[in-house]
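Novice: no sequence on this one, just coordinates:
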């Protein structure tokens, strides 16, 4: 994929991510929320369906074993894709209370799975900040345990990213127009603070962290609603200082991921149904 623009299949595309089990270094996967599919793009004109959820997938990531985990708002569940490409239920409720609708997922190198539970846009708002962040982690007996990290307190959390060492998690909270920082100390004790507060536009929809702990934050706004026709990606240093802005041709940014060599970003944009390849320097 040498072109800077990848025209995608499906609709309401979001959440680009790199496949692990591939021999190609130019492959990228993306979610089509409008058609319940996840695609792998192996060349600019070759898009292959990896799985079909039958719901509304909003986020996906692969673990160290190459298994895809999906935050599916339609099913109000987190799904895991098996070796045959079939999605199965991983978790659907916390203490017998069903989720509002998971919207993003991030997986640490130690196997811990974090996901946001925001529901569809408009359900967890400034007036009703009831969005959550959960963690699925291994317990002392080796089983997996679901824990709330932030419970019923956020206004549409919809993006997650882990630092390279997995010790810090960042959350994009769309309707508060900010990025939160979550640190564990000691293990399983989470401390949450505001890492960066933005102004203008709707808010951040996605975030990714590079090997130097530099954050790339994608901003979402409705096409035609803002003074600018461009979409922006804010670059924030590891200490929370604003560095500069990257741009794509349209404002409905729905997902980010770094290339394998971390020289450019894959950026999904809804209104154009395209993935843009944006150099980071």
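Specialist: Happy to help now that I have it. Please read all numbers here as calculations on a predicted model, not as lab measurements.
Novice: so which helix or strand takes in the nearest residue to residue 243 once chain neighbours are set aside?
Specialist: In this structure, residue 243 finds its nearest non-sequential neighbour in residue 235, 4.4 Å apart by Cβ to Cβ, 6 or more residues apart in numbering. From N, CA and C alone the C-beta is placed, and that goes for glycine too. Here residue 235 sits within strand 231-236, counting by DSSP states H and E.
Novice: That strand: what's the following helix or strand?
Specialist: strand 242-248.
Novice: Remind me what that following strand packs against, helices and strands.
Specialist: Counting contacts by 3 or more Cβ pairs under 8 Å, 6 or more residues apart in numbering; DSSP states H and E, strand 242-248 packs against strand 231-236, strand 264-269, strand 274-279.
Novice: and the longest strand belonging to the chain, what's its mean pLDDT?
Specialist: If you go by DSSP state E, the chain has its longest strand at strand 144-154. Average pLDDT, strand 144-154: 95.
Novice: got the contact list for that strand?
Specialist: Strand 144-154 has contacts (Cβ atoms under 8 Å, 6 or more residues apart in numbering) with 91, 94, 114, 116, 118, 124, 129-139, 157, 169, 171, 173, 176, 180, 182, 188, 190, 192.
Novice: next helix or strand past it?
Specialist: Following strand 144-154 in sequence, per DSSP H and E, is strand 157-162.
Novice: Following that next one in sequence, what is the next regular element?
Specialist: Next element after strand 157-162 (DSSP H and E): strand 168-173.
Novice: In that following strand, which residues are buried?
Specialist: Within strand 168-173, the residues that count as buried by 16 or more other Cβ atoms under 10 Å are 168-173.
Novice: what does stretch 264-277 give?
Specialist: In terms of neighbour count (16+ other Cβ under 10 Å), stretch 264-277 has its buried residues at 264-270, 272-277.
Novice: which other residues reach it?
Specialist: Against stretch 264-277 from outside (Cβ under 8 Å, 6+ apart): 1, 3-8, 10-16, 28, 30, 41, 208, 216, 218, 223, 231, 233, 246, 248-259, 278-280.
Novice: for residue 88, what are its contacts?
Specialist: Counting by Cβ under 8 Å, 6+ apart, residue 88 has contacts 79-82.
Novice: what does residue 34 give?
Specialist: Counted by Cβ under 8 Å, 6+ apart, residue 34 has contacts 10-12.
Novice: Out of those, which comes closest to residue 86?
Specialist: Residue 86 has its nearest neighbour among the contacts of residue 34 in residue 10, at 18.9 Å by Cβ to Cβ.
Novice: Leaving out chain neighbours, which residue sits closest to the closest one?
Specialist: residue 32 (2.5 Å).
Novice: residues near that neighbour, how many?
Specialist: 23 (other Cβ atoms under 10 Å).
Novice: Hmm, it is touching residue 40, no?
Specialist: No: if you go by Cβ atoms under 8 Å, residue 32 and residue 40 don't touch, sitting 11.7 Å apart.
Novice: beta partners for the residue nearest to residue 10?
Specialist: In this structure, residue 32 bridges to residue 13, residue 37 when assessed by DSSP bridges.
Novice: swap in residue 191?
Specialist: With DSSP bridges as the rule, residue 191 is bridged to residue 183.
Novice: give me the number of residues near it?
Specialist: 9.
Novice: That one and residue 17: what is the separation?
Specialist: Going from residue 191 to residue 17 by Cβ to Cβ, to the nearest Å gives 27 Å.
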